[in-house]
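> Would you be able to build a 3D model of this:
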Amino acid sequence: MKPRLTIFDEPMLYTEGLSRLLSQSNIFSTIDICNSLENLSKNLKETPPEMLVMSSNMLMLSEICKLVESIISEHKNTRITIIGNSYDVIDIRKLFNKGIKAYLDKNCTYDEFLKSINVLLLNEIYICDHAKERMINFISNEEGKPNPHIKEPLTRREMEILKLICDGCSSKDISEKLFISINTVETHRKRILLKLNAKNSVGIVKYAIENHIID
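As a prediction, the model looks like this:
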């Protein structure tokens, strides 16, 4: 069954154009556009979508965080993508802590937007390439600091897989990139989750950002 999509953004010229492009992709069953909090609230109440795209054009970061938290508390199956104004690593981490599943900068291409949608359809998370570059720079500046929270050091292979998870790769993608079976990937995933005391892929990425464990 195709998911429903709601776009919360402005101006209408942009959102209508995006809606028509996405309609051609034949990914979604319906695409709704909301350009006010009132319309968004009505949309979520009547037909809560499986996917919601929200732009920083509409609200300040603090307001977005509160709104995301509120939406997730009532609609746990809604996967939220934030299109931000080149937020820094700390702010992106805060948004994932609140419950978003994907983050894109405003300068991302339409192709990367489609890529993020396909990743979400696999129940994975997505962070755009521009944001990942900032993340790597942030981590590099923190390199060498001790990390007392990891129960057991990650192996070289586990670090490879962790990076690919942070890139939004599915188990199938990872198996193809590293030439190993999906079962082997899943075994490594379980070990990474155990070592990092994380519950899922979102937890792995948040932990990696927070504790600077990505090379």
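
> Look up how far residue 164 lies from residue 97.
Here the criterion is C-beta to C-beta, to the nearest Å. By it, residue 97 lies 22 Å from residue 164. Where C-beta positions appear, they are placed from N, C-alpha and C, glycine not excepted.

> ok, now residue 130?
18 Å.

> Isn't residue 18 up against residue 7?
Yes. With contacts defined as C-beta atoms under 8 Å, residue 18 counts as touching residue 7 at a distance of 6.5 Å.

> ok, those two, which is more surrounded?
Set side by side, residue 18 and residue 7 show unequal neighbour counts under other C-beta atoms under 10 Å, the larger going to residue 7 at 25 against 18.

> From residue 135, how far off is the more buried one?
Counting by C-beta to C-beta, the gap from residue 7 to residue 135 is 26 Å.

> Break down this structure into its helices, ranges please.
Remark: helices of the chain, listed N- to C-terminal, are 12-25, 37-46, 61-74, 89-98, 110-121, 129-141, 156-166, 171-178, 182-196, 201-211; assignment by DSSP state H.

> can you list those helices in CSV and add distance to residue 80 and mean pLDDT?
Supplementary listing: the helices of the chain in CSV, determined by distance: least, C-beta to C-beta, whole Å; pLDDT from 0 to 100:
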stretch, distance to residue 80, mean pLDDT
helix 12-25, 16, 89
helix 37-46, 11, 93
helix 61-74, 6, 93
helix 89-98, 9, 89
helix 110-121, 9, 93
helix 129-141, 15, 74
helix 156-166, 19, 86
helix 171-178, 22, 91
helix 182-196, 23, 86
helix 201-211, 12, 74
